[in-house]
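K.L.:
here is my input; please provide its structure:
(one chain, ligands or ions: 1)
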Amino acid sequence: MHELSLATNLIDYLEKLGKEQGLNRINEVFIEVGELTHIDPRQLRFSLKIASEGTLAAQSKFFIKRKKVVIKCKKCGKGSQLRTKEMIAQYSITCPLCGSSEVGIDQGREMVLKRVRGIKK
Ligand SMILES: [Zn+2]
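P.N.:
Numbering: from 1, shown residues only. All right, here's what the predicted structure looks like:
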């Protein structure tokens, strides 16, 4: 399961971060997930709950936000934010302005850990 291995990696990282920062426990974790990642936020949250058992983040809340896809067109040079999922059929991303398929993806392909809140000892 894709989400579970991501969750395990993230929890490992949080555990390390928490120890470095001298945290007693982690309360809130904010994550952004790009719409091109194929990560299901509900699956991810569920996986995080499982993976965090017995760690500093065991009682943490996980806030997962979807992040829109942002492209930059190589033909007309303009950037666009893609609004609907239908426009993001993975192999045919086109510029909404000129229709060119020569586009670079600036945002939406990644999972980002935005913020972590915890309590110090
Ligand atoms: Zn264009």
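K.L.:
interface residues of the chain facing the ion?
P.N.:
73, 75-76, 95, 97-98, 100 (C-beta under 5 Å from the ion). The C-beta positions use only the backbone N, C-alpha and C, and glycine is treated the same way.
K.L.:
run the last query once more with 8 Å
P.N.:
Residues of the chain found near the ion (C-beta under 8 Å from the ion) are 73-78, 80, 95-100, 103.
K.L.:
can you redo these as TSV with neighbour count and distance to K121?
P.N.:
Below are these laid out as TSV (neighbours: other C-beta atoms under 10 Å; distance: C-beta to C-beta, whole Å):
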residue	neighbour count	distance to K121
C73	20	51
K74	12	52
K75	13	56
C76	15	55
G77	10	52
K78	12	51
S80	19	47
C95	21	52
P96	15	51
L97	13	53
C98	14	56
G99	10	57
S100	12	55
V103	20	49
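K.L.:
would you turn those residues into a markdown table with pLDDT?
P.N.:
Shown next, in a markdown table, are the residues of the chain next to the ion (pLDDT from 0 to 100):
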| residue | pLDDT |
| --- | --- |
| C73 | 96 |
| K74 | 97 |
| K75 | 97 |
| C76 | 97 |
| G77 | 97 |
| K78 | 97 |
| S80 | 94 |
| C95 | 92 |
| P96 | 89 |
| L97 | 93 |
| C98 | 95 |
| G99 | 91 |
| S100 | 93 |
| V103 | 93 |
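K.L.:
closest one of those residues to K49?
P.N.:
S80 (35.7 Å; C-beta to C-beta).
K.L.:
now, the residues of the chain next to the ion that are in strands?
P.N.:
Of the residues of the chain next to the ion, the ones assigned to strands by DSSP state E are 73, 80, 103.
K.L.:
with just CA atoms, put the strand ranked longest in the chain into PDB.
P.N.:
The residue-count maximum for a strand in the chain (DSSP E) belongs to strand 23-34. What follows is strand 23-34, C-alpha atoms only, in PDB (Å, rounded to 0.1, in the frame of the first residue of the first chain):
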ATOM      1  CA  LEU A  23       9.400  17.400  22.100                       C
ATOM      2  CA  ASN A  24       7.500  15.400  24.600                       C
ATOM      3  CA  ARG A  25       4.700  14.700  22.100                       C
ATOM      4  CA  ILE A  26       3.500  15.900  18.800                       C
ATOM      5  CA  ASN A  27       0.000  17.400  18.700                       C
ATOM      6  CA  GLU A  28      -0.600  18.600  15.200                       C
ATOM      7  CA  VAL A  29       0.800  17.800  11.800                       C
ATOM      8  CA  PHE A  30       0.000  19.800   8.700                       C
ATOM      9  CA  ILE A  31       0.500  18.100   5.300                       C
ATOM     10  CA  GLU A  32      -0.200  19.100   1.800                       C
ATOM     11  CA  VAL A  33      -0.700  16.600  -0.900                       C
ATOM     12  CA  GLY A  34      -0.500  17.400  -4.600                       C
END
